[in-house]
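A.B. asks: Model the structure of this input:
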Amino acid sequence: MTGVGLRERKRAASRARILREAIALFSERGIEGVTVEEIAAAADVGKGTVYNYFKAKEDIIVAFLLELDREALAAMPGLAAEAKSAADALDAAAWSLLGNKADHHRFVRVFLARLVSADGFADDLIEFQKALDAALGLFFENLLARDDVATDRTVEELGLSFKTHHLGLNMLWSLEGPPFATARALTRWHMHMFAKGLEP
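C.D. replies: Residues are numbered from 1 along each chain as shown. The predicted structure follows:
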């Protein structure tokens, strides 16, 4: 039992090291300017080991951005109760999944391209969707407990609506680039419109 645990920890450490070194190289020289061989050398592993964890360089970007989003998801349910209004709560939740990537704008374009071009979701994306749905479920449960919210829509329907809005905002954010002023304004506007449909 202990051996299995140690093996898994070593695998996780190798994956994390590959991810960390690859992102450092991509940030310095761009994704196209870095080879898998260079990533392997920086992470002190063989080229085959890199491919054991990531099918392509783009999958490393996906994994990195999903890690950033997992941190945002952890805080999301609390936003529903803490914000002054339902509109502010929705806006904070939506922007938390955009503003957290401001330093990695180029990576988001790669992520979105990978998302729409892949034949199926990678395991990372499947697991992330489960985590996103769980966080949104808690967020909307908390939102529906507010006195300023009333709707006959289910938590699942509200979560799907949020994700639909957010996909469009992601595309706008990635096309616009820094300082993301239009994306920020439209996120606020869209989430305030969303909240209008939830007023008692």
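A.B. asks: Go through stretch 186-200 and flag the buried ones.
C.D. replies: By neighbour count, with 16 or more other C-beta atoms under 10 Å as the criterion, the buried positions of stretch 186-200 are 186-188, 190-191, 194-195, 198. (C-beta placed from N, C-alpha, C; glycine too.)
A.B. asks: close enough to count as contact, residue 158 and residue 151?
C.D. replies: Yes. Under the criterion of C-beta atoms under 8 Å, residue 158 lies in contact with residue 151, with a separation of 7.4 Å.
A.B. asks: Pick out whichever of these two has more residues nearby.
C.D. replies: residue 158 (23 against 14; other C-beta atoms under 10 Å).
A.B. asks: Spatially, which residue comes closest to that one, not counting chain neighbours?
C.D. replies: Among residues not flanking residue 158 along the chain, residue 140 sits closest, at 4.6 Å (C-beta to C-beta, 6 or more residues apart in numbering).
A.B. asks: Helix or strand: which one has the one you found?
C.D. replies: Using DSSP states H and E, residue 140 maps to helix 123-144.
A.B. asks: by contact count, what packs against that helix?
C.D. replies: Packing contacts for helix 123-144, counted by 3 or more C-beta pairs under 8 Å, 6 or more residues apart in numbering; DSSP states H and E, involve helix 57-82, helix 86-99, helix 155-176.
A.B. asks: nearest residue to residue 194 other than its sequence neighbours?
C.D. replies: Using C-beta to C-beta, 6+ apart and skipping residues adjacent in sequence, the residue nearest residue 194 is residue 90, 5.4 Å away.
A.B. asks: Over to residue 146?
C.D. replies: Spatial nearest neighbour of residue 146, chain neighbours left out: residue 86 (6.0 Å); criterion: C-beta to C-beta, 6+ apart.
A.B. asks: starting at the chain centroid, how far to the lowest-mean-pLDDT helix or strand in the chain?
C.D. replies: Comparing every helix and strand of the chain by mean pLDDT, DSSP states H and E singles out helix 105-117 as the least confident one, with a mean of 84. Relative to the mean C-alpha coordinate of its chain, helix 105-117 is positioned 11 Å out (C-alpha atoms, centre = their mean, to the nearest Å).
A.B. asks: Regarding residue 146, what is its secondary structure?
C.D. replies: Of the three states, residue 146 takes coil according to DSSP: H, G, I helix; E, B strand; the rest coil.
A.B. asks: Could you verify my assumption that it touches residue 87?
C.D. replies: No. In this structure, residue 146 is not within contact of residue 87 by C-beta under 8 Å, at 11.1 Å.
A.B. asks: So for the two, which sits in the more crowded spot?
C.D. replies: Using other C-beta under 10 Å, the more surrounded residue of residue 146 and residue 87 is residue 87, with 20 against 16.
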